[in-house]
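Visitor: Sequence first, then the predicted structure, then my questions.
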Amino acid sequence: MQREVSVSLRNMVILIVGLFLFWEFAYLIVGEVALRSPWQTIQVLGKLMRTEVFWLHLADSLKAFAAALAIAVALGLLIGFTLGLHRLSGDAMEPMLVALYSIPKITLYPIILLAFGIGISAKVAFGAIHGIIPVALFTLSAVRNINPILIKTGRVFKLSPALMVRAILFPAAVPEIFTGLRVGFSLTLIGTVLGEMFAAQRGLGYLLMNAISLYNIDLIMSVTFLLVLFAASVNGLLLAIDRRLHHG
Amino acid sequence: MSRLRLYQFAIVAGFILLLEGLCLAGAIDKVTMPPPHIIVRDFIRMMLAGRYFGEIGKSLGNVLLAFACAYVFGVVTGTILHGYKSARDVLDPLFATYYAIPVFAFYPLFIVIFGLGDGPQLLIGFLLAVVAVIVTTLNGLDRVPLVLKKTARVNGLNPLQTALAVTLPFCAPYLLTAAKLALAYAFIGVIGSEFIMARAGMGYEISYAYTNFDNATMYPLILLILLLSIAANSLLSHWEKVLLARRGQK
């Protein structure tokens, strides 16, 4: 076990060093015109973090993301449990959800903008529609694959539907639901940033698009780096919990 | 089975009727969304007039190009990577985290590097699609029974022959899943990039129509994109099921 951990740690270090080397190498080839080196990017990011405007944009993105995630998780779990418990609805809706999952949701963004207007609510709605479906799909399959004996036991004890979910279904389905939450987390983040890139006046996505029109490579590189760093580290953490839940 | 289809049909029809009702009753105002029957009418008019066929062709061409590159590169990389366990172990965390990273955030960077042409869009489509292909290919190759590999060795096949004649054909269902995912991702990547910033293409036309409050163009184009992606997805899913059923795995 100890050896396994140290091996995976070594692999991780090799990967990260490799990615940074690739970045440095690309910088040496492409040059100042379009790229910055990793070290320059980190310096710019440090400088950026000392400005007040940056924190306003970051706070706006995080607020929208948190609200979107809360909606995605709540609705996703609700849909997943409802469909998972009702066989026919589940069978009918699952392929439809999968089909919805594969459409480029960004094309729906104008509709959301028209419905909500430019501002935080459109961002939240857009982030949420990215996250709801994966949470619902994973929850659906988690609930459906619960050992029927557990459910029968619950029936024998005459549990109310609410208690059934809380005491039996949820604990039994937790590992797979957690996988859904992990995927939902990533997709909600992607959705929120995408929404900001297309139409917003604040947030990190807006900062990125604004940087293109100003041809500010420093800003593009440092914001992209920050987003990747955040997404990768949170996902790494969730992945570790996920693996423990599945094997522990 | 037919009861299931009926149920699905009822859900879709009910949803459309609900929208129609809300639009006609004025709960959804005309500026936000025209009633579905108007959208369908505009859609048919657009198709008959052949408007935007150039744009549609351009976008779909780019989707197919990004898909083809990602698919070939992904299957080849996956097959090679399967032979090198340590390289695979190093790349594994990257694969596991890859789809958590907002790849679209790289789009501004690619525009700066390659200019505002097809290049950045193709690259985003490629990047979104390629890892799904690599991971699915590896997944399939992991399931090749030992006896098949031994048979290949007994017959003295070299690694390339083994891949082409034994392991990859065994992985056919996985390769099909990879194609399905890659196509969906390439579609999302190309259309999404066009949407954020581009000079032409379906995504660009939708965002242009949005800026001009041109609902008669925007909604039919959105409908077309939805229909195309859902049709491609259901077709490939169906084929996948047929293939699995033939192998007795379903």
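Guide: Received, thanks.
Visitor: so what's residue 182 closest to, chain neighbours aside?
Guide: If you meant another chain, say so; for now it's chain A. Of all residues not flanking A:R182 in the chain, A:L238 sits nearest, at 4.3 Å (CB to CB, 6 or more residues apart in numbering or on different chains). The C-beta positions use only the backbone N, C-alpha and C, and glycine is treated the same way.
Visitor: You answered for a different chain; I wanted chain B.
Guide: B:A129 (4.0 Å).
Visitor: Secondary structure element holding that neighbour?
Guide: Using DSSP states H and E, B:A129 maps to helix B:118-142.
Visitor: and the residue of chain A most remote from its centre, how far is that from B:I11?
Guide: What lies farthest from the middle of chain A is A:V156; by CA atoms, centre = their mean that is 39.1 Å. For A:V156, the distance to B:I11 (CB to CB, to the nearest Å) stands at 34 Å.
Visitor: for the closest residue to B:T151 other than its chain neighbours, what are its contacts?
Guide: Leaving out its chain neighbours, the residue that sits closest to B:T151 by CB to CB, 6+ apart is B:V166, at 7.2 Å. Taking CB atoms under 8 Å, 6 or more residues apart in numbering or on different chains, we find B:V166 in contact with B:V144, B:L148, B:K149, B:T151, B:A152, B:L157.
Visitor: coming back round to it: ok, how many other residues are close to the residue nearest to B:A182?
Guide: As a burial measure, B:A129 scores 31 neighbours (other CB atoms under 10 Å in any protein chain shown).
Visitor: mind checking how far stretch A:205-214 is from the chain centre?
Guide: On the basis of CA atoms, centre = their mean, to the nearest Å, stretch A:205-214 sits 22 Å off its chain's mean C-alpha point.
Visitor: Could you give me the buried positions within it?
Guide: For stretch A:205-214, a neighbour-count test (16 or more other CB atoms under 10 Å in any protein chain shown) marks A:G205, A:Y206, A:L207, A:L208, A:M209, A:N210, A:A211, A:I212 as buried.
Visitor: Show residues contacting it.
Guide: Contact with stretch A:205-214 is made by A:54, A:57, A:61, A:192-198, A:200, A:217, A:219-220, A:223-224, B:105, B:108, B:111-112, B:196-197, as judged by CB under 8 Å, 6+ apart.
Visitor: Name the residues of the strand or helix carrying A:V73 that are buried.
Guide: If you go by DSSP H and E, A:V73 is part of helix A:52-85. Buried residues in helix A:52-85, counted by 16+ other CB under 10 Å: A:54, A:57-58, A:60-61, A:63-65, A:67-69, A:71-73, A:75-77, A:79-85.
Visitor: quick one, what contacts A:I14?
Guide: Contacts here follow CB under 8 Å, 6+ apart; on that basis A:I14 touches B:V90.
Visitor: Next SSE downstream of the helix or strand where it lies?
Guide: Using DSSP H and E, A:I14 maps to helix A:2-30. Toward the C-terminal end, the helix or strand that comes next after helix A:2-30 (DSSP H and E) is helix A:38-48.
Visitor: could you give the mean pLDDT of the helix holding B:A129?
Guide: In this model, helix B:118-142 has an average pLDDT of 93.
Visitor: Give the buried residues for it.
Guide: Neighbour-count burial for helix B:118-142 flags B:118, B:120-138, B:140-141 (criterion: 16+ other CB under 10 Å).
Visitor: Just name whatever secondary elements that helix is in contact with.
Guide: Where contact means 3 or more CB pairs under 8 Å, 6 or more residues apart in numbering or on different chains; DSSP states H and E, helix B:118-142 is packed against helix B:53-81, helix B:85-98, helix B:107-114, helix B:172-196.
Visitor: Deepest in the core, which of these is it.
Guide: helix B:172-196 (a mean of 25; mean count of other CB atoms under 10 Å in any protein chain shown).
Visitor: I'd like the distance from that one to the chain centre, please.
Guide: Averaging C-alpha positions (CA atoms, centre = their mean) puts helix B:172-196 2 Å from its chain's average.
Visitor: just stretch B:110-118 next, same as before
Guide: 22 Å.
Visitor: Skipping its backbone neighbours, what lies nearest residue 67 in space?
Guide: Picking chain A for this. A:V124 (4.6 Å).
Visitor: I was after chain B.
Guide: B:A186 (4.0 Å).
Visitor: Report the spatially closest residue to A:N11, excluding sequence-adjacent ones.
Guide: B:V90 (4.8 Å).
Visitor: Okay, the one you found and A:S8: tell me how far apart.
Guide: B:V90 sits at a distance of 10 Å from A:S8 (criterion: CB to CB).
Visitor: For chain B, which residue occupies the most central location?
Guide: Centre-most residue of chain B, counting by CA atoms, centre = their mean: B:A184, 0.9 Å.
Visitor: Domain ranges for chain B, per the record?
Guide: B:1-33, B:34-246 (automatic domain parsing).
Visitor: Only the buried residues of the first one, if you could.
Guide: By neighbour count, and taking 16+ other CB under 10 Å as the criterion, the buried residues in domain B:1-33 are B:L19, B:E20, B:C23, B:I28, B:M33.
Visitor: Pick out whichever of the contacts of B:V166 sits closest to B:H238.
Guide: For the contacts of B:V166, the closest approach to B:H238 (CB to CB) belongs to B:V144, at 25.1 Å.
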